[in-house]
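Q: Using only what follows, build the 3D model:
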Amino acid sequence: MKILGRYDRVDLPLLGLTNIHAKIDTGAYTSCLHCHQARVVDGRLEFILLDEEHPEFTGMKFSMADFEERDIKNSFGDLERRFVIVTTLKIFNEEITTEFSLSNRGSLKFPILIGRKILRDRFLIDVKQKNVSYREKRRLQRALKQKKND
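A: Prediction:
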């Protein structure tokens, strides 16, 4: 099993996002993705990821036919009705297809929260560490660049 720290950077390739800050949260079951303006239009979920203050914000509107609405407990234990989508998370060069609830996390430091559903049977968490997979990704990129230049 790979080791993750308390936070890292991950990719969401199907949504065009790379190196996005993610909090590793063993207290959360479902993972969560920051979005705003999520609404159903003609049976399709439309949403915009992140917000204008985020450096990776594109303003691109996503539209998905496959989604659910589900009651999910927030960090205070209160039920919230949220949209849930399925997409691919890339970490340690491994692509994991998983569910993300959509929520406005604009007031929070990390736009992505990775919960136990992804972590279980894949990763061990060492809270003393951070950006473990991102540092590995950067090391591999530098090695490839060096090999190309040789």
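Q: For the chain, just list every one of the strands.
A: Assignment of strands within the chain using DSSP state E yields the ranges 2-4, 7-12, 17-24, 31-41, 44-49, 61-64, 68-73, 79-91, 94-103, 112-114, 123-125.
Q: these two touch, right, residue 114 and residue 22?
A: Yes: under the contact definition of CB atoms under 8 Å, residue 114 touches residue 22, with a separation of 5.2 Å. C-beta here means a position set from N, CA and C on the backbone, and glycine is covered the same way.
Q: Now do the shared contacts for these two.
A: Contact criterion CB atoms under 8 Å, 6 or more residues apart in numbering; residues shared by residue 114 and residue 22: 8, 10.
Q: Deepest in the core, which of the strands of the chain is it.
A: Neighbour counts (mean count of other CB atoms under 10 Å) averaged over each of the strands of the chain peak at strand 112-114, with a mean of 26.
Q: Who does it pair with, and is each partner parallel or antiparallel?
A: strand 17-24 (parallel), strand 31-41 (antiparallel) (DSSP bridges).
Q: mind checking which of those is nearest residue 82?
A: Taking CB to CB as the criterion, residue 82 comes closest to strand 31-41 out of the strands paired with strand 112-114, the separation being 8.1 Å.
Q: what does that closest one contact?
A: With contacts defined as CB under 8 Å, 6+ apart, strand 31-41 is touched by 12, 45-51, 54, 63, 83, 85, 89, 98-106, 108, 111-115, 117-118.
Q: Likewise for stretch 88-102?
A: Residues from elsewhere that reach stretch 88-102 (CB under 8 Å, 6+ apart): 2, 4, 8, 10-14, 30-33, 35, 38, 47, 70, 72, 82-87, 112, 114, 117-118, 122, 133, 136-137, 140.
Q: hmm, 7 Å instead?
A: 2, 8, 10-14, 30-33, 35, 38, 47, 72, 82-87, 117-118, 133, 136 (CB atoms under 7 Å, 6 or more residues apart in numbering).
Q: out of all of them, which helix in this structure is the longest?
A: Longest helix in the chain by number of residues (criterion: DSSP state H): helix 132-149.
Q: what's it packed up against?
A: Helix 132-149 makes packing contacts with strand 2-4, strand 7-12 when contacts are defined by 3 or more CB pairs under 7 Å, 6 or more residues apart in numbering; DSSP states H and E.
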